[in-house]
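J.: no FASTA, just this:
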């Protein structure tokens, strides 16, 4: 039973990430194209790379959702 609980815990609660924002070097003068940048992992990746000074290009299927995501990323909140 203990092995089953351990397996369930590993599947439901992944380990803490080993890479943090501080591990990413300064991306000044780098251009990054992110597909699906209007939500989820793509949007979070865009946010992190913007923090690290990258020139981020967002590729989104839905223009309206892309504009909303761009507005969200530009707000410093």
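T.: It's in. Please read all numbers here as calculations on a predicted model, not as lab measurements.
J.: Which parts of the chain are strands?
T.: 31-35, 55-59 (DSSP state E).
J.: Need the winner for burial among those.
T.: With neighbours taken as mean count of other CB atoms under 10 Å, the strands of the chain reach their highest mean count in strand 55-59, at a mean of 15. For the C-beta atoms, the positions are set from N, CA and C on the backbone; glycine is no exception.
J.: Partner strands of that one and their direction?
T.: strand 31-35 (parallel) (DSSP bridges).
J.: okay, the strands of the chain in JSON lines with mean pLDDT next?
T.: Formatted as JSON lines, the strands of the chain follow (pLDDT from 0 to 100):
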{"stretch": "strand 31-35", "mean pLDDT": "97"}
{"stretch": "strand 55-59", "mean pLDDT": "96"}
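J.: Can you say which of the ones you listed is nearest to residue 69?
T.: strand 55-59 (6.8 Å; CB to CB).
J.: circling back to that earlier point, could you dump the strands of the chain into TSV with distance to residue 25 added?
T.: Shown next, in TSV, are the strands of the chain (distance: least, CB to CB, whole Å):
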stretch	distance to residue 25
strand 31-35	13
strand 55-59	15
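J.: Surely residue 51 touches residue 22?
T.: No - between residue 51 and residue 22 there is no contact under CB atoms under 8 Å: 10.3 Å.
J.: What ranges in this protein fall below the confidence cut-off?
T.: The model of the chain has pLDDT under 70 over residues 1-2, 76-77.
J.: can you map out the helices along it?
T.: 2-12, 40-51, 63-74 (DSSP state H).
J.: Determine the angle, from 0 to 180 degrees, between the second one and strand 31-35.
T.: So that's helix 40-51. 160 degrees (axes from the mean of the first three to the mean of the last three CA atoms, to 10 degrees).
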